[in-house]
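In: give me a model of this one.
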Amino acid sequence: MSESNPNAQELPSTFSQLVIMLATSALQQLGQIPDPSGNEPTISLEGAQAMIDLLEMLEAKTQGNLDEAETKMLRESLTMLRLQFVEVKQAKGGKASAAEKSAPVQPDESTAPASTEEAPKPSTEESKTKFRKSYG
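Out: From the prediction side, this is the model:
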């Protein structure tokens, strides 16, 4: 008495389809996919960040439960999306930051130490880039 759903055989729900759907949505939010109506693509960094966060959550929650191909696809998708996110964010804010880079930097005397003994040593730890959740 069990009936099989013919649509289920045509469109199986798989983990890779979920990853593709979320990655495509992130690319749309980043303006990397043309608008079907012919309009300029809109960029929503917040929307793209949300899709990337969802994929990261999937990566964490499915760790050890995916086959090799699924793990590779998820990691490569996340890497590509993170790079695209940074590029779009830099391009979006790049015009303002170019003007800021050309302006000379003046040290603030109110925060400068009174003597060289009190000055903090510039350590290599300060110059190292630390991993942060933010993509830009």
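
In: from here on, contacts and neighbour counts on C-alpha atoms
Out: OK.

In: so where's this protein shaky on pLDDT?
Out: Scanning the chain for pLDDT under 70 picks out 1-13, 94-136.

In: quick one, helices of it?
Out: 6-10, 15-29, 45-61, 68-102, 124-127 (DSSP state H).

In: of these, which is nearest D35?
Out: helix 15-29 (8.2 Å; C-alpha to C-alpha).

In: helices or strands up against the closest one?
Out: Using 3 or more C-alpha pairs under 8 Å, 6 or more residues apart in numbering; DSSP states H and E, the elements in contact with helix 15-29 are helix 45-61, helix 68-102.

In: among those helices, which is the most enclosed?
Out: helix 45-61 (a mean of 17; mean count of other C-alpha atoms under 10 Å).

In: can you show me the CA trace of that helix as CSV?
Out: Provided in CSV are the C-alpha atoms of helix 45-61 (Å, rounded to 0.1, in the frame of the first residue of the first chain):
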residue,chain,number,x,y,z
LEU,A,45,27.2,41.9,2.3
GLU,A,46,25.0,41.1,5.3
GLY,A,47,23.0,38.6,3.2
ALA,A,48,26.2,37.0,1.9
GLN,A,49,27.6,36.8,5.4
ALA,A,50,24.5,35.0,6.5
MET,A,51,24.8,32.4,3.8
ILE,A,52,28.5,31.9,4.5
ASP,A,53,27.7,31.5,8.2
LEU,A,54,25.1,28.9,7.4
LEU,A,55,27.6,26.9,5.4
GLU,A,56,30.1,27.2,8.2
MET,A,57,27.5,25.9,10.6
LEU,A,58,26.8,23.0,8.3
GLU,A,59,30.5,22.3,8.2
ALA,A,60,30.8,22.2,12.0
LYS,A,61,27.6,20.2,12.5
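
In: contacts for it?
Out: 19, 22-23, 25-30, 74-75, 78, 81-82, 85, 89 (C-alpha atoms under 8 Å, 6 or more residues apart in numbering).

In: now stretch 22-37
Out: So stretch 22-37 is in contact with 40-45, 47-49, 51-52, 54-55, 77-78, 81, 84-85, 88, going by C-alpha under 8 Å, 6+ apart.

In: again, only this time at 7 Å
Out: The contact list for stretch 22-37, computed with C-alpha atoms under 7 Å, 6 or more residues apart in numbering, reads P41, T42, I43, S44, L45, G47, A48, M51, I52, S77, F85, V88.
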